[in-house]
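Student: With the input below, show me the fold.
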Amino acid sequence: RWKKLDCSSSTCAATSGLSASDLQLIENAITPELGRTIVDIDVDCAAVAAESVVAVSTSYYKHVHLNEMNTYDFTEWVANHPGGETAIKQWATAEKGFVLEFPSWHPMERWNEGSGAEIVGTQYIGAWGDDIDFANLPSVLQTSAVADALGIAATASEYVENCGSPGEIANDPKEGHKFVMISVYEDNSGPQWRDLWIEIPFNFRSDVSWYTPQRSDVWVSRAMFGEDQLRQRVAWALSQIVVASVPGTDYSEYTEMWLAYYDIFMRHAFGNYRDILQEVTYSPLMGEFLTFVDNKAFDVNSRYPDENYAREIQQLFTIGLWKLNSDGSRVVDNGENVPTYSNEDIMTFSRVLTGFVRQAERGNVETVSWTRNLIDPMQMRADYHDGYPKTDLNGDFLGDFMPLCIDRPNKAYLAA
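Tutor: Numbers count the residues shown, from 1 in each chain. So this is what the prediction gives:
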């Protein structure tokens, strides 16, 4: 990456000692983009040190870090930064230009590797000078506040339709509160938890957080007194196989998202296991728990997709580690148990699971304090999805057995 220097206020000078062949390669690569503030090139130079400066025509360009002047969504990192949110929020001011300067006392490994890189690196928006369509921003950023900040004015004729989550119904004020919903709003002093001012639940205990038992109260009430006892027991069994839990998330104080996830097993207790896996895969809670939400293809951010869910859906949720005979015994080849999948299969399926993003925040649901929709099924963002062929566990390609368009009857797409 090369950054154009502003030579109007200070004198620019090219770095000495670079070979003529390297200079020619760099000049040839930058020239078609001459004038842009940021130019990314791919050339095979012999030796060009970081921060080298070259002259291209009448402009000077400096060799900078590959991520310099990129734009990222830091929402999640603000919540997870080990030094506290202030360490990041201090840069989000007009005075500092919303430009985060990487601390000189931090080794670059802190940016290139580890949890910070995993969180921030996957939230890439674009580079300086890119044109970004608001509709293509991550769903968590498509809020009215961001629209107002960017000067995107909605007209009276513009509306958004949200079909809600499966089984969702409109509020009926006559029914009153069934359980406390955490409603968050912001004022000058920060987030305010309004429902704390309205009521304390009936099961309040001083030795635990007041909101912790709420999920259990709802579940116990239905499991103990519901008339569909077989469904309740099957749903409980399924929930112990396809697990998403509070450990591993930061949502211990919430209720509705966990009930919405458990309802998947209630709906499909007597149905098809594939339907369960499909709903679980689209669940934003599972996307957070097994970290594949906002997974992007390698072409998007030059990072391999997260493999967590791709591994667990095979190992824990479906086929397990070893191939089995019809009697349940393990298949053996030359005295060795035969595995059901390889690490290559995990990598392939992680590519299948790219492109899942949360839906935009909305009303009529329990609010997560940093504006995430963890109720409605995730949606597929096509430009994040890996579009290359992918093999299945049998050596065929996914989609091999689907009919080709040329094999379908004329105007088949019009059929109901």
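
Student: what about Thr58, how many neighbours?
Tutor: 7 (other CB atoms under 10 Å). C-beta here means a position set from N, CA and C on the backbone, and glycine is covered the same way.

Student: next one: Asp306
Tutor: Neighbours of Asp306 (other CB under 10 Å): 20.

Student: just Gly167 next, same as before
Tutor: 9.

Student: and it, what does it touch?
Tutor: 263, 267 (CB atoms under 8 Å, 6 or more residues apart in numbering).

Student: Using the three-state scheme, assign it.
Tutor: On the three-state scheme (DSSP: H, G, I helix; E, B strand; the rest coil), Gly167 is labelled coil.

Student: same thing with Asp345?
Tutor: Under three-state DSSP, the three-state class of Asp345 is helix.

Student: Touching, it and Gln314? I think so.
Tutor: Yes: counting by CB atoms under 8 Å, Asp345 does reach Gln314; the two are 7.4 Å apart.

Student: In the stretch 101-250 of the chain, where is pLDDT below threshold?
Tutor: 135, 139-140, 143-144, 153-163, 176-213 (pLDDT under 70).

Student: Strands of that one, start to end?
Tutor: Using DSSP state E, counting those that start in this stretch, the strands found in the stretch 101-250 of the chain span residues 124-127, 184-187, 190-193.

Student: would Gly320 count as being in a helix?
Tutor: No: counting by three-state DSSP, Gly320 is not part of a helix but coil.

Student: My guess is it contacts Thr340. True?
Tutor: Yes: contact between Gly320 and Thr340 holds when scored by CB under 8 Å: they sit 6.3 Å apart.

Student: Quick one: residues contacting the residue nearest to the spatial centre of the chain.
Tutor: Nearest to the geometric centre of the chain sits Asp294, at 2.4 Å (CA atoms, centre = their mean). By CB under 8 Å, 6+ apart, Asp294 lies in contact with 122-123, 138, 356-357, 384.

Student: Which of those fall within helices?
Tutor: Using DSSP state H, no member of these sits in helices.

Student: Using a markdown table, please lay out the residues you listed together with distance to Gln90 and neighbour count.
Tutor: Below are the contacts of Asp294 laid out as a markdown table (distance: CB to CB, whole Å; neighbours: other CB atoms under 10 Å):
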| residue | distance to Gln90 | neighbour count |
| --- | --- | --- |
| Thr122 | 23 | 22 |
| Gln123 | 19 | 19 |
| Pro138 | 23 | 19 |
| Phe356 | 32 | 24 |
| Val357 | 28 | 21 |
| Tyr384 | 30 | 21 |
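
Student: what is in contact with Gly320 and Thr340 at once?
Tutor: With CB under 8 Å, 6+ apart as the test, Gly320 and Thr340 both reach Gln314.

Student: With neighbour numbers in mind, choose between these two.
Tutor: Thr340 (17 against 14).

Student: wait, that one sits on Gln314?
Tutor: Yes: the pair Thr340 / Gln314 is scored as a contact, 6.8 Å apart, by CB under 8 Å.

Student: Find residues that contact each of the two.
Tutor: Applying CB under 8 Å, 6+ apart, one finds that Thr340 and Gln314 are jointly contacted by Gly320.

Student: So what's the residue count around Pro103?
Tutor: Pro103, neighbours per other CB under 10 Å, totals 10.

Student: and what of Gln214?
Tutor: Gln214: 22 neighbours (other CB under 10 Å).

Student: I figured it was touching Thr255, is that so?
Tutor: Yes: counting by CB under 8 Å, Gln214 does reach Thr255; the two are 4.9 Å apart.

Student: Nearest to Cys12 among the contacts of Asp294?
Tutor: Gln123 (33.3 Å; CB to CB).

Student: residue contacts, that closest one?
Tutor: Neighbouring residues of Gln123 by CB under 8 Å, 6+ apart: 72-77, 138, 294.

Student: Start and end of stretch 95-114, how far apart?
Tutor: Terminal residues of stretch 95-114 lie 30 Å apart, using CA to CA, to the nearest Å.

Student: related to what we said a few turns ago, return the item of the contacts of Gln123 having minimum pLDDT.
Tutor: Ranked by pLDDT, the contacts of Gln123 bottom out at Pro138 (70).

Student: helices or strands up against the host helix or strand of Gln278?
Tutor: In the assignment (DSSP states H and E), Gln278 maps to helix 273-282. Applying 3 or more CB pairs under 8 Å, 6 or more residues apart in numbering; DSSP states H and E, one finds that helix 273-282 contacts helix 256-267, helix 308-315.

Student: which stretches of this protein form helices?
Tutor: Under DSSP H, the chain gives helices at 20-30, 75-80, 86-89, 109-112, 114-121, 144-149, 214-225, 229-239, 256-267, 273-282, 284-289, 298-301, 308-315, 343-352.

Student: Specify the stretch among the ones you listed that is closest to Asp130.
Tutor: Checking these against Asp130 by CB to CB gives helix 298-301 as the closest, at 13.0 Å.

Student: contact partners of that closest one?
Tutor: 121-122, 124, 304-305, 351, 383-384, 386.

Student: do the same with stretch 254-263
Tutor: Contacts for stretch 254-263 (CB under 8 Å, 6+ apart): 165-167, 179-182, 211, 214-215, 218-219, 235, 239, 244, 246, 251, 283-286, 365-366, 368, 374-375.

Student: and what of stretch 127-135?
Tutor: Residues from elsewhere that reach stretch 127-135 (CB under 8 Å, 6+ apart): 36-38, 40, 69-71, 125-126, 142, 146-147, 150, 152.

Student: Among these, which pair sits farthest apart?
Tutor: Among the contacts of stretch 127-135, Asp40 and Ala147 lie farthest apart (CB to CB), at 29.2 Å.

Student: which of those two has more neighbours?
Tutor: The residue with more neighbours, out of Asp40 and Ala147, is Ala147; 15 against 12, by other CB under 10 Å.

Student: now stretch 214-224, how far from the chain's geometric center?
Tutor: On the basis of CA atoms, centre = their mean, to the nearest Å, stretch 214-224 sits 30 Å off its chain's mean C-alpha point.
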